[in-house]
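In: after the sequence you'll find the predicted model.
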Amino acid sequence: MATEAEVFVTSSAPTSTAIASASANSGYSSLPIVDLSPLLASESIESSIKACGEQIWAALSTHGFMYVSGHGVPLLQLDSILETTARFFDADMTVKRTCDAKNSSLYRGYNGLDGKHSCNTKEGKGPDKKESFTVGTERLKGDDRDSSPMHGANQWPSEDDLPGWERSVKEYWDTMHKVSKLIMRGMAIGLGANEDFFLTRNDDNVSQLVMIRYPPISNAENNGRCGEHTDCGFLTILHQDQPGLEVWSQAEKKFICADPIPGTFVVNVGDMCSRWTNNRFKSTLHRVNASRNTASLRHSIPFFINCNWNCLVDPQELAEKSEGHVDNSSDFAKPVKAGPYMLQKLGLMWLETASSEQ
């Protein structure tokens, strides 16, 4: 019988040669591409797995970002989820408003151009110019595990309005969990920890998937798409269809392009991961620069891995189980619970009026 990993591998994934060729013609800049196939194959030799972990270490300790190939997701599914995303945003507003995020206590569902979601929390910066649709971790019927404030029901358009849409998104959600396990295993190997260190702390994680549409804009200077920010969670896996993403390079002292490369995801660590690893893995500023692509629609699908609700993010514990050390005088050395940490951080991502805070 085939293993899960063997089932996940498909012949339609692009070759490393094709990806390298595509990257040479994109805004790839200096972000590395890490081939995850040694972690995916059931018969990889130990040296190949270790080398993959070392490449992940090098990428995330230097940039906090990387492209990943060899993840086993077929190009057909990558194209399909972009089409699924566009199909929702192309729908009539009456259909989109049936899933209005304002109806959800976790703000899941549709958030329109008139919404308040913002990547940039600096004073004077307004909402991002985008539409989005958010889904998160649910507690399904028959699942007796403890719930949390970040478990809750998702909203879905009706099957009559968008046939097959919910099924397509759920299939992609499951696929992203498989990809995240490959990456987390490689991260642990790169750090010198047990390879299941992050996996055991993400077997019931409170993830989020956000489908985003950035509309064409007429004035790039005054209508930014997504301001400079770091992600607040543990790990982000991004699929995108158009240029615009830029990542701060500490070495080059400037923002560098992270344009789409066919068959790859862009992966970055968030603030929680940086804290956990004592900044061995970097949580890096990034933005969506409207001036690079003003005339086109841009679709972006980040998958945010936020760890189990009760997971203890303890830098000292990780340091003891890997090849690191912790500055105990730092506030970031103190252990925190992942769930409450995320709730606090996510609260900063929503623009609230003074009256609503009182």
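Out: Perfect, I can see it now.
In: could you list the low-pLDDT ranges of the stretch 51-200 of the chain?
Out: For the stretch 51-200 of the chain, the stretches flagged by pLDDT under 70 are 116-127.
In: mind listing the strands for it?
Out: Applying DSSP state E, counting those that start in this stretch to the stretch 51-200 of the chain gives strands spanning 65-69, 109-111, 131-136.
In: gap between the second one and the chain center?
Out: Between the mean C-alpha point of strand 109-111 and the mean C-alpha point of its chain there is a distance of 18 Å (CA atoms, centre = their mean, to the nearest Å).
In: make 55 the starting number, not 1.
Out: Right, with 55 as the first residue, what we last looked at is strand 163-165.
In: give me the packing partners of that strand, helices and strands only.
Out: Secondary-structure packing of strand 163-165 (3 or more CB pairs under 8 Å, 6 or more residues apart in numbering; DSSP states H and E): strand 185-190. Where C-beta positions appear, they are placed from N, C-alpha and C, glycine not excepted.
In: neighbouring strands for the strand it packs on, and are they parallel or not?
Out: Strand 185-190 has its sheet partners listed here by DSSP bridges as strand 163-165 (antiparallel), strand 262-268 (antiparallel).
In: deepest-packed of the ones you listed, please.
Out: Counting by mean count of other CB atoms under 10 Å, strand 163-165 has the highest mean neighbour count of the strands paired with strand 185-190, with a mean of 25.
In: contacts for that one, please.
Out: 142, 150-151, 153-155, 157, 171, 185-188, 208-209 (CB atoms under 8 Å, 6 or more residues apart in numbering).
In: buried ones among those?
Out: Buried members of the contacts of strand 163-165, counted by 16 or more other CB atoms under 10 Å: 142, 150, 153, 155, 171, 185-188, 208-209.
In: between the strands paired with strand 185-190, which one is closest to Cys286.
Out: For these, proximity to Cys286 was assessed by CB to CB; strand 262-268 is nearest, at 11.0 Å.
In: got a list of contacts for that closest one?
Out: 138-140, 142-143, 183-191, 223, 226-227, 230, 279-280, 298, 342, 344, 351-358, 360.
In: so of these, which ones are in helices?
Out: In this view, those that belong to helices under DSSP state H are 138-140, 142-143, 223, 226-227, 230.
In: nearest to Gln109 among the residues you listed?
Out: Of all these, Gln109 sits closest to Met230, with 21.0 Å by CB to CB.
In: specify the beta-bridge partners of the nearest residue to the closest one once chain neighbours are set aside.
Out: Nearest-residue entry for Met230: Phe357, 4.2 Å, with adjacent residues in sequence omitted and distances by CB to CB, 6 or more residues apart in numbering. Legend: beta-bridge partners of Phe357 under DSSP bridges are Leu263, Ile291.
In: ok, Gly244 - contacts?
Out: Here Gly244 is in contact with 107-112, 114 (CB under 8 Å, 6+ apart).
In: burial measure for Cys361, as a count.
Out: A count of nearby residues for Cys361, using other CB atoms under 10 Å, gives 28.
In: from Cys361, how far off is the closest residue to Gly240 other than its chain neighbours?
Out: Spatial nearest neighbour of Gly240, excluding adjacent residues (CB to CB, 6+ apart): Ile110 at 4.4 Å. Remark: distance between Ile110 and Cys361 (CB to CB, to the nearest Å) = 18 Å.
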